[in-house]
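Student: the sequence isn't on hand, but the structure is:
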């Protein structure tokens, strides 16, 4: 599910710098948690920092 949302976000909102962290469907509603990212942020380091890699 997350991979599909990432691809959709890249094509529909290419200038949106936020990163999708997690997503799910609790209580029948789609929930997506995002992380704001500044230009030039090292995404690999950032994901390791948050324990996502």
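Tutor: Structure's in. What do you need? Note that the structure is predicted; figures quoted are calculated from it, not measured.
Student: the residue most central in space within the chain pairs with what?
Tutor: Among the residues of the chain, the one closest to the centroid is residue 20, at 1.0 Å (Cα atoms, centre = their mean). Each beta-bridge partner of residue 20 is listed here: residue 34, as defined by DSSP bridges.
Student: gap between it and residue 33?
Tutor: The spacing between residue 20 and residue 33, counted by Cβ to Cβ, to the nearest Å, is 8 Å. (Each C-beta comes from the backbone N, C-alpha and C, glycine too.)
Student: how about residue 22?
Tutor: Computed with Cβ to Cβ, the distance linking residue 22 and residue 33 is 5 Å.
Student: what mean pLDDT does whichever helix in the chain runs longest get?
Tutor: Once the chain is assigned using DSSP state H, the helix that runs over the most residues is helix 2-12. When pLDDT is averaged along helix 2-12, the result is 85.
Student: mind listing what's buried in it?
Tutor: In terms of neighbour count (16 or more other Cβ atoms under 10 Å), helix 2-12 has its buried residues at residue 9.
Student: so which residues make contact with it?
Tutor: Residues lying outside helix 2-12 but in contact with it, judged by Cβ atoms under 8 Å, 6 or more residues apart in numbering, are 16, 20, 22, 23, 32.
Student: mind doing that once more with 6 Å?
Tutor: Around helix 2-12, the neighbours that count as contacts under Cβ atoms under 6 Å, 6 or more residues apart in numbering are 20, 23.
Student: same question for stretch 34-42.
Tutor: Taking Cβ under 6 Å, 6+ apart as the criterion, the residues outside stretch 34-42 that touch it are 17, 18, 19, 21.
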